[in-house]
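Enquirer: Just a sequence and a predicted model for now, questions to come.
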Amino acid sequence: MVSYKYGVGISHLEFWVKNLEESLAFYSQLFPMIGWYELTKTSYSCGTHEIYFKEVPVLLHDSLGVRHICFHANTREMVNTVGEWLQQIQGDIIRGPKPMPEYTEQYYTVDFRDPNGFVLEVAYAPDMRL
């Protein structure tokens, strides 16, 4: 039997971005608010998963990806902090921060776009079962 350092699941996500410095400036502010930390100049982790960024010319590759990525928040206050920060930087907020009782009774979220147009969500959902 093979022994792995981590359990099964996603090891990392690679974000292809149009402007690496702009993306890193955005995520270097967002990630500490939600408990992620810098691994290298271009990668971040929450302790079990890694996200890294790579600048790719827009016309190099045309592919479809995930619709959005949702980051788990430990509190409603964490969601509000992200919402306030997005308002301060005039971020592209899609919805929230707001409750979404149609998902679960305590679901609380903010959805927004990063500088590349990726849709992100930060949600507090203590009553959600995986």
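Expert: Nice, thanks for sending it over. Numbering: from 1, shown residues only.
Enquirer: hmm, who's touching the biggest strand by length in the chain?
Expert: In the chain, taking DSSP state E as the definition, the longest strand is strand 92-99. In this structure, residues lying in contact with strand 92-99 by C-beta atoms under 8 Å, 6 or more residues apart in numbering are 76, 79-80, 82-83, 86-87, 106-113, 119. (Each C-beta comes from the backbone N, C-alpha and C, glycine too.)
Enquirer: Tell me which of those fall in helices.
Expert: Counted as lying in helices by DSSP state H, out of these, are 76, 79-80, 82-83, 86-87.
Enquirer: in this protein, which spans are helices?
Expert: Secondary structure of the chain (DSSP H): helices at 20-33, 76-88.
Enquirer: who's in contact with I34?
Expert: Contacts for I34 (C-beta under 8 Å, 6+ apart) come out as 71-73, 78, 82, 122.
Enquirer: Closest to I51 out of the ones in helices among the contacts of strand 92-99?
Expert: Using C-beta to C-beta, V82 comes nearest to I51 of the ones in helices among the contacts of strand 92-99, at 15.9 Å.
Enquirer: what's the closest one in contact with, if anything?
Expert: Contacts of V82 were listed using C-beta under 8 Å, 6+ apart, and they are 30, 33-34, 73, 97, 110, 122.
Enquirer: Tell me which residues touch the spatially closest residue to L13 that is not a sequence neighbour, please.
Expert: Once its chain neighbours are removed from consideration, L13 has its nearest residue in I51; the separation is 4.8 Å (C-beta to C-beta, 6 or more residues apart in numbering). I51 sits next to 12-15, 27, 36, 43-45 when contact means C-beta under 8 Å, 6+ apart.
Enquirer: Of those residues, which is the most crowded?
Expert: Among the contacts of I51, Y27 has the most neighbours (other C-beta atoms under 10 Å), with 22 neighbours.
Enquirer: Let me see the contact set for that one.
Expert: For Y27, the contacting residues are 44, 51, 53, 114, taking C-beta under 8 Å, 6+ apart as the criterion.
Enquirer: Any chance of CSV for those residues, columns pLDDT?
Expert: Below are the contacts of Y27 laid out as CSV (pLDDT from 0 to 100):
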residue, pLDDT
Y44, 95
I51, 93
F53, 93
D114, 95
